[in-house]
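A.B. asks: dropping a prediction and its sequence here:
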Amino acid sequence: MKKLNIALVSIGRVNFDMALAEAVTEKFRSQLIMNGLRIVTQEGILTDVVAASEAVERLRGQEFDLMLVFQVTFADSSILMTLADNLEFPIFIWGIPDERTGGRLRLNSLCGINLAAHALTLNQRKYGYAFAPIDDNAAMGKLRTAVGAASVYRRLKSARIGLVGQHPDGMDTCHLDTAALQQRLGVGVKQFDLDTVFTQIRAVKPEQIAPVRTKLEKQLDNLTELDQSQVSGTLSTYQVLKEQVKENQLDAMAVRCWPEFFTDLKCSACGAISMLTDDNTPASCEADMNGTVTQLILQWLSERPAFGTDIVAADYEKDEVVLWHCGLMPLAYADPASQPKATIHSNRELALLMEFTLKPGPVTVARLSRAGGELKLVIGRGRAISSDKSFSGTSGVIRFDHPAQEVIDTLLKNGLEHHVAVTYGDHYDELLLLAEMLDLPVLTL
């Protein structure tokens, strides 16, 4: 289970019932921990700007994903804005209702978060919010979703992705804009020369790839039936890429998979990409950097592999959309009802690729898109269903939340890229919040 790290900051005013405020704050802290949130640091109730400034200095040295501001009583916005103006972390404000006793208004928390929301909006700061009792399950779920999105937001700021070669000619959907990735998301790119990588692949010795070959032989019952020189080329590719990930502290890899892997190395990169993705190092073909970034986002949200794929077919009557790519989906997602196999590329007739259909279950589909010239986040969700093999290689059948015809219409009407990223589980709400934090427009599939 992923760690959801927060800083808890309480804000109040001494004119209100501070004894009650302190008691409620302590109970709130316990509720947060019970709900799986890790409180990295906790400030006492801040009641003036001086205390807020001192808190800023303490918080600057801490590592957390989101600052949770508990507006335990009414206060003007000066305390909150002292924090917001000096700290770049995403903010979530929480206010609580007063008990209507006919007597004193003891906390007036709602008025406090109202002022806070207004000030944050005036200053163009994104924020999440809840106005609910401290044990409200829906509000706590909303907070957990916000922290999950904030965690990815923070991690993107230091993400590094390896790029082997450049995207093939005519594949404008895989275009790389390094400046946009750095400025909008914080993602850095490490470039690798394709010929240099090929030299390293050719230098791999048989004993270096023996362990992964043994492992694959247990997973793919026909591996020994393929051309072993081609299999060795793919396994050597995996070995070199894995070493580069470790040596350069990379989070993901985008690889120019054709035509040179086929024409020069006489093997396929697909199997290596599949194995890297299975290792929780998102990898893509055709040097699709934006696709790889999307895979990384989905992996961080789901804590399981995320792969790139094409949408290649749709049956409007059955409300089915077919996902396929040559053979690079991770083995972790093979339908347990059938045995995965090793295979060759359907067009180039070279090994090594995986062949299986996707297991059933809820899925999230996304794409960091530059269609129209501006970055946006495309998001969809649905369910993978049990199906016969649609095509050779790796494939799966999806029923989206929206009708299949609407999905294809959205894809074509908006001129979206031909690759999407997929992971299992429903991460739609977290992606919406992440897009808001990154100031990215959202398009729904």
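C.D. replies: It's in. Residues are numbered from 1 along each chain as shown.
A.B. asks: report the buried residues of stretch 365-385.
C.D. replies: By 16 or more other Cβ atoms under 10 Å, the buried positions in stretch 365-385 come out as 365-371, 375-382, 384-385. C-beta coordinates here come from the backbone N, C-alpha and C atoms, glycine included.
A.B. asks: stretch 19-30 too?
C.D. replies: By neighbour count on 16+ other Cβ under 10 Å, the buried set for stretch 19-30 is 20-21, 24-25, 28-29.
A.B. asks: so where do the helices sit in the chain?
C.D. replies: Taking DSSP state H to define them, one finds helices in the chain at 18-34, 49-60, 78-86, 109-122, 137-156, 178-180, 194-202, 206-219, 228-247, 260-263, 270-278, 289-302, 404-413, 428-437.
A.B. asks: tabulate the ones you listed (TSV), appending distance to Phe131 and mean pLDDT.
C.D. replies: Shown next, in TSV, are these (distance: least, Cβ to Cβ, whole Å; pLDDT from 0 to 100):
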stretch	distance to Phe131	mean pLDDT
helix 18-34	14	96
helix 49-60	22	94
helix 78-86	15	96
helix 109-122	6	97
helix 137-156	8	96
helix 178-180	37	90
helix 194-202	54	97
helix 206-219	51	96
helix 228-247	45	97
helix 260-263	56	93
helix 270-278	41	97
helix 289-302	26	97
helix 404-413	35	98
helix 428-437	18	97
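A.B. asks: that older thread, closest to Ser77 out of the buried residues of stretch 19-30?
C.D. replies: Nearest to Ser77 out of the buried residues of stretch 19-30 is Ala21 (Cβ to Cβ; 17.8 Å).
A.B. asks: who's in contact with the residue nearest to that closest one when sequence neighbours are not counted?
C.D. replies: Counting by Cβ to Cβ, 6 or more residues apart in numbering, Ala21 lies nearest to Val72, which is 4.4 Å off, once chain neighbours are set aside. By Cβ atoms under 8 Å, 6 or more residues apart in numbering, the contact list for Val72 reads 10-12, 21, 24-25, 28, 45, 96, 107, 109.
A.B. asks: model confidence for Val72, exactly?
C.D. replies: Val72 carries a pLDDT value of 97.
A.B. asks: what of Asp335?
C.D. replies: 97.
A.B. asks: about what we covered before: how much space separates the residue nearest to Ala21 from Glu225?
C.D. replies: Distance of Val72 to Glu225, computed by Cβ to Cβ, to the nearest Å: 68 Å.
A.B. asks: domains in this structure, by residue range?
C.D. replies: Domain assignment of the chain by automatic domain parsing yields the ranges 4-156, 160-444.
A.B. asks: alpha carbons of stretch 378-393, as PDB, please.
C.D. replies: The C-alpha atoms that make up stretch 378-393 are tabulated as PDB, following Å, rounded to 0.1, in the frame of the first residue of the first chain:
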ATOM      1  CA  VAL A 378      -7.100  12.200 -21.600                       C
ATOM      2  CA  ILE A 379      -8.800   9.900 -19.100                       C
ATOM      3  CA  GLY A 380     -11.100   6.900 -19.400                       C
ATOM      4  CA  ARG A 381     -12.100   4.000 -17.400                       C
ATOM      5  CA  GLY A 382     -13.900   0.700 -17.900                       C
ATOM      6  CA  ARG A 383     -13.500  -3.000 -17.500                       C
ATOM      7  CA  ALA A 384     -11.400  -5.600 -19.300                       C
ATOM      8  CA  ILE A 385     -13.500  -8.600 -20.100                       C
ATOM      9  CA  SER A 386     -12.600 -12.300 -20.700                       C
ATOM     10  CA  SER A 387     -12.300 -12.800 -24.400                       C
ATOM     11  CA  ASP A 388     -10.700 -15.000 -27.100                       C
ATOM     12  CA  LYS A 389      -7.500 -13.800 -28.600                       C
ATOM     13  CA  SER A 390      -8.300 -10.900 -30.900                       C
ATOM     14  CA  PHE A 391      -5.000 -10.800 -32.700                       C
ATOM     15  CA  SER A 392      -1.500 -12.300 -32.400                       C
ATOM     16  CA  GLY A 393       0.700 -10.800 -29.800                       C
END
